[in-house]
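S.K.: Dropping the sequence and predicted coords here.
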Amino acid sequence: MAAAKAALAAQLDALMGKERDVPVDKRQNKKLTHEDEEVDKYWLCGLSPYILFRNTRSDLGVWDKITDDDAKASWDALPQEKKDEFGYEYDLMRFLEQLVTDLDKTIKRHQDKLEVDKKTRVINLSKETQAQVDALAKEINELQASAQKLGEEGDVDESMKAMAKVEELKTKKEGLENPTFPGKEKVMEVCDVCCNFMANTDSDVRRAEHLAGKQHQGWEQIRTKLKELKEMNDGAGPPPKRKGEAARGGGSAG
């Protein structure tokens, strides 16, 4: 309950400002700038994961920083060399790197598990199919024994014919043991952008909903923004805050 109240208060602060409960005649009406402690520095730089994933499966929890148009205007008015002094873009890059690294580890873990499940899955055959498999196994063993005997007797041609028949029967047997149902056999997969599970049986509408969803769109924006930041300064990325510069407030996730 306390966490929910804190989250609601943070959202109201972001929308209405931290003086929302202060009587009008006692409000300071301070005009904020990009340097103020309460301002969301990630948002200033173009993307705040806390805001992006609010009320989703990837919600990052309570965030007490706010968005403010005056602060954004003061930030946007700075030349790039002045922005570099604060290190806000560097902090955002490092934060996004950690988020993407953690998600990609989860994606890899899920993909590995699905691959193991695929290799170890047990298919229960019907009685009729199992009877066909058993009959083929018996015929294969008999043909292999016959091929060996023919070879020992010097009848190479007939021995090779028998082995060719063995391979044909093996293929048929494997097909019965590992049936495939085009368009019907459910195979799970993990989205390599947002880590959501999908199935090959999902409809086009379901897939479109997934791609347009807040979760997928959010992670796509994060990956795009991270790439953009890393490409700054000819691939060197944005610099960290310069020593001695007072880049005050809200830029580090901790």
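M.R.: Structure's in. What do you need?
S.K.: in the stretch 101-250 of the chain, which spans are strands?
M.R.: Ranges of strands in the stretch 101-250 of the chain, per DSSP state E, counting those that start in this stretch, are 188-190, 197-199.
S.K.: residues near the closest residue to residue 40 other than its chain neighbours, how many?
M.R.: The shortest distance from residue 40 to any non-neighbouring residue, by C-beta to C-beta, 6 or more residues apart in numbering, is to residue 65 (3.7 Å). Any C-beta I mention is one placed from the backbone N, CA and C, and that applies to glycine too. By other C-beta atoms under 10 Å, 23 other residues sit near residue 65.
S.K.: what's the answer for the one 4 residues further on, then?
M.R.: Burial measure for residue 69: 8 neighbouring residues, criterion other C-beta under 10 Å.
S.K.: Is residue 100 within a helix or a strand, and which one?
M.R.: Secondary structure assignment for residue 100, by DSSP states H and E: helix 88-120.
S.K.: picking up where we left off before, burial-wise, tell me which of the strands of the stretch 101-250 of the chain comes out on top.
M.R.: strand 188-190 (a mean of 16; mean count of other C-beta atoms under 10 Å).
S.K.: Given it, what are its sheet partners and their directions?
M.R.: Next to strand 188-190 in the sheet, as set by DSSP bridges, lie strand 197-199 (antiparallel).
S.K.: Do I have it right that residue 165 meets residue 144?
M.R.: No. Residue 165 is not in contact with residue 144 according to C-beta atoms under 8 Å; the separation is 9.9 Å.
S.K.: Look at the closest residue to residue 215 other than its chain neighbours and report its pLDDT.
M.R.: Sequence neighbours aside, residue 194 is the residue nearest to residue 215 in space, at 5.0 Å (criterion: C-beta to C-beta, 6+ apart). Per-residue confidence at residue 194 stands at 95 (pLDDT).
S.K.: Contacts only, for residue 194.
M.R.: Going by C-beta atoms under 8 Å, 6 or more residues apart in numbering, residue 194 touches 103, 215, 216, 218, 219, 220.
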